[in-house]
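Novice: make a model of this:
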Amino acid sequence: MFLPDQPIRFEPIFRSYIWGGDRLATQLHKKPPGSGIWAESWEIVDHRQGESIVAEGRFSGWTLRQLIESFPFEIIGHDTPNERFPLLLKYLDCQRVLSVQVHPDDTYGARMAQPDRGKTEAWYVIDAEPDAKLYAGLKPGVDRAELANAVANGQTEDCLHVLFPKPGDCVFIPAGTLHALGEGLLVAEIQQASDCTFRLFDWNRVDKDGKPRELHVDQAMEVIDFERGPVDFATRTAPLENGPRTLVECDKFTLNEYDRPGIFSLVPNQIAVVTTPKGSAMLRTESQEYGLERGQTLLVPFGCNQTELILSPDSKVLVSTLPPTS
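Specialist: Down below sits the predicted model:
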């Protein structure tokens, strides 16, 4: 039997929201299914809201769910075929500011009427227009009562901590952190595979039908972590010898950045989501080579024993892995 022991490329899943634009196509060279506003490209996902489909090779047309059900050990490293792949990688084109929102943790998510994972995430800024900003956490000292009063009076923004990002910046958003991506940003996001979002404020705008989008003020106030305060840019570690910089390391994932040309060995028998926000790269196994142009993504399954990452000059590659206990 052929086994999925090589890197796997999937078809992107596109999402259209009122805050999107055209940069997924113009900058990342993606091919949305039609003209219009495209906000997100889901690169790898195994969730009821979206299911990645293999784009090429002997498993072309299979879903990631089918792969895990048929080859659980080879894909995720243990024989639990009903387990969902825990990470979701997406690209976002933010031409307008996103809603002010918050995601629950795993405990809250499991108690919901339609249970889901919590959602801890990290943003990697690919491009930022001059004066672009994002919101990450609450200003120092803002408590529940102050935020509730601001929301009631249409002054939510006054409570939010503001960052002015530049390309290459990374922001870590643990579950419970109030946040919003601002306009003029092109972002790669790694997150738990969850689609649970509570909108606290949506800038008083309406959708294409003239209706305001649904808010979830009570749920948002319930899950916000008021002890966290403002969030700063993630600290970029010095690159390891013949290795990456670590941008985020938490109990849900590790996010590493490779930002110099060379040949790097990935850890064998470790699930990795590999994507190229800038330039180009290649994954090379014992038997095959896989090109990665800008905006392209590959899943390295657990059963892949030996993989090298080859970076071209002026390129950047993000590699997301699961913690050892996952």
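
Novice: show me the shaky parts of the stretch 151-300 of the chain.
Specialist: Nowhere does the stretch 151-300 of the chain drop to pLDDT under 70.

Novice: quick check: next helix or strand after the top helix by length along the chain?
Specialist: The single longest helix within the chain, with elements called by DSSP state H, is helix 144-152. Under the assignment DSSP states H and E, the closest C-terminal helix or strand after helix 144-152 is strand 160-163.

Novice: which residues are contacting that next one?
Specialist: 100, 133-139, 169, 171, 178, 180, 229-233 (C-beta atoms under 8 Å, 6 or more residues apart in numbering). No exception for glycine: its C-beta is placed from N, CA and C like everyone else's.

Novice: starting at the chain centroid, how far to stretch 168-176?
Specialist: For stretch 168-176, the separation from the chain centroid amounts to 10 Å (computed by C-alpha atoms, centre = their mean, to the nearest Å).

Novice: run through who's touching that stretch.
Specialist: Counting by C-beta under 8 Å, 6+ apart, residues outside stretch 168-176 touching it are 102-106, 118-125, 128, 134, 136, 163, 165, 179, 223-225, 228, 231, 233-234, 236, 247-248, 250, 255, 257, 259, 316.

Novice: which ones among those map onto strands?
Specialist: 102, 121-125, 128, 134, 136, 163, 179, 247-248, 255, 257, 316 (DSSP state E).

Novice: are any of the contacts of strand 160-163 buried, and if so which?
Specialist: 100, 133-138, 169, 171, 178, 180, 230-231, 233 (16 or more other C-beta atoms under 10 Å).

Novice: out of the residues you listed, which is nearest to residue 292?
Specialist: Nearest to residue 292 out of these is residue 169 (C-beta to C-beta; 21.9 Å).

Novice: re earlier: neighbouring contacts of the longest helix of the chain?
Specialist: Contacts with helix 144-152, where a contact means C-beta under 8 Å, 6+ apart, come from 138, 156, 158, 159, 200, 201, 217, 221, 224, 226.

Novice: how far out from the middle of the chain is stretch 131-143?
Specialist: Computed by C-alpha atoms, centre = their mean, the chain-centroid distance of stretch 131-143 equals 20 Å.

Novice: now do the SS call for residue 210.
Specialist: coil (DSSP: H, G, I helix; E, B strand; the rest coil).

Novice: neighbours of it, how many?
Specialist: By other C-beta atoms under 10 Å, the residues close to residue 210 number 6.

Novice: mind pulling up the phi and psi values for it?
Specialist: Note on residue 210: backbone dihedrals following degrees, to the nearest 10 are phi 80, psi 20.

Novice: residue 19 versus that one, what's the distance?
Specialist: 17 Å (C-beta to C-beta, to the nearest Å).

Novice: same check, this time on residue 286
Specialist: According to C-beta to C-beta, residue 286 and residue 19 sit 44 Å apart.

Novice: the two: who's more crowded?
Specialist: residue 19 (22 against 11).

Novice: ok so, going back, list the buried residues of the longest helix of the chain.
Specialist: 147, 150, 151.

Novice: secondary structure element for residue 318?
Specialist: strand 316-321.

Novice: by contact count, what packs against that strand?
Specialist: Secondary-structure packing of strand 316-321 (3 or more C-beta pairs under 8 Å, 6 or more residues apart in numbering; DSSP states H and E): strand 185-192, strand 254-258, strand 272-278, strand 307-311.

Novice: so which of these gets nearest residue 47?
Specialist: Taking C-beta to C-beta, strand 185-192 is the member of the helices and strands packed on strand 316-321 nearest to residue 47, at 9.8 Å.

Novice: got the contact list for that closest one?
Specialist: 23, 27-28, 86-94, 117-129, 132, 134, 165, 181, 252-253, 255, 273, 275, 277, 318, 320.

Novice: measure the nearest residue to residue 140 once chain neighbours are set aside to residue 116 for me?
Specialist: In this structure, residue 140 finds its nearest non-sequential neighbour in residue 229, 5.5 Å apart by C-beta to C-beta, 6 or more residues apart in numbering. Counting by C-beta to C-beta, the gap from residue 229 to residue 116 is 26 Å.

Novice: again, but for residue 74
Specialist: From residue 74 to residue 116 the distance is 26 Å (C-beta to C-beta).

Novice: also residue 151?
Specialist: Applying C-beta to C-beta, the value for residue 151 to residue 116 is 24 Å.

Novice: ok, residue 145 next?
Specialist: From residue 145 to residue 116 the distance is 29 Å (C-beta to C-beta).

Novice: ok, residue 69 next?
Specialist: Taking C-beta to C-beta, one finds residue 69 at 20 Å from residue 116.
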